[in-house]
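**Student:** Here is a sequence together with a model predicted from it:
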Amino acid sequence: MTATALMIVAAAIAVVSCRRAAAPVAAAACPADAQRASLDFTLKDLDGREVRLADYKGKVLLLDFWATWCVPCKIEIPAFVDLYAKYKERGFEVAGVVVLDRFANVKPFAERYKMNYTVFDGTDRPDIDAAYGRLVVGLPTSFLISRDGRICSTHVGLPASPSPDIPIERAVREKFEAEIKSLL
């Protein structure tokens, strides 16, 4: 092969490689081997009504374990309020499960933070501890669950900001929104 022919072949390979690299690669919305979420619980909401988590099947669910004293929880909750308002019509739900706290503290907290999604009492629940305790290693811990009941992502604490120029509140909102949109 001549030098000119080799240069043409190399240029063609470079063009194909650049086009491949430039084309966005679609990430899987949920890993194929994602663990099933345990939703076989009945919990009481802020008004004392019993709600079954299984009633959320068929929806994209953000299951968030949190407490009123948790500073990172206070950072992520406004993003969850906004995301729930934005995507609830498309089948998105948020369920906040209070743990390691007094449930009596929650109603005034929920009012102050204008929480528009359901908040549950998960305190002193060995069944929840058995199902999620080994996964809940810090607060907040959030699970994004697909419509078919698989845990697609888990967040312990707050997602990191991709840049020091991006405020953590914005980074949290953008991270969760990208994941939610991939499942809707």
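**Tutor:** Yes, it's here. Source: prediction; values computed, not measured.

**Student:** Please name the residues that touch the most centrally placed residue in the chain.
**Tutor:** Centroid-nearest residue in the chain: residue 144, 3.9 Å away (criterion: C-alpha atoms, centre = their mean). Counting by C-beta atoms under 8 Å, 6 or more residues apart in numbering, residue 144 touches 60-63, 151-155, 176, 179-180, 183. Quick note: C-beta positions are derived from backbone N, CA and C, even for glycine.

**Student:** Then residue 101?
**Tutor:** Under the criterion of C-beta under 8 Å, 6+ apart, the contact partners of residue 101 comprise 67, 68, 69, 123.

**Student:** Whichever of those count as buried, I'd like them selected in ChimeraX; how would that read?
**Tutor:** Burial among the contacts of residue 101 is assessed by 16 or more other C-beta atoms under 10 Å; the matching ChimeraX selection reads:
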select :67,68
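
**Student:** Among the contacts of residue 101, list the two that are farthest apart in space.
**Tutor:** Greatest spatial distance among the contacts of residue 101 (C-beta to C-beta): 69 and 123, at 12.8 Å.

**Student:** so where is this protein shaky, pLDDT-wise?
**Tutor:** 1-28, 134-136 (pLDDT under 70).

**Student:** again, only this time at 50
**Tutor:** Along the chain, the parts satisfying pLDDT under 50 run over 1-28.

**Student:** how about the strands of it, start to end?
**Tutor:** Assigned by DSSP state E, the chain shows strands spanning 42-44, 50-52, 60-66, 92-98, 118-121, 141-145, 151-156.

**Student:** How about residues contacting the fifth one?
**Tutor:** In this structure, residues lying in contact with strand 118-121 by C-beta under 8 Å, 6+ apart are 43-46, 51, 93-98, 103, 106, 110.

**Student:** and what of the fourth one?
**Tutor:** Strand 92-98 is contacted from outside by 43, 53, 56, 59-68, 77, 80, 83-84, 106, 115, 117-123, 128, 180, 184, using C-beta under 8 Å, 6+ apart.

**Student:** Now, of those, which are buried?
**Tutor:** Among the contacts of strand 92-98, the ones that count as buried by 16+ other C-beta under 10 Å are 43, 53, 56, 59-68, 77, 80, 83-84, 106, 115, 117-122, 128, 180.
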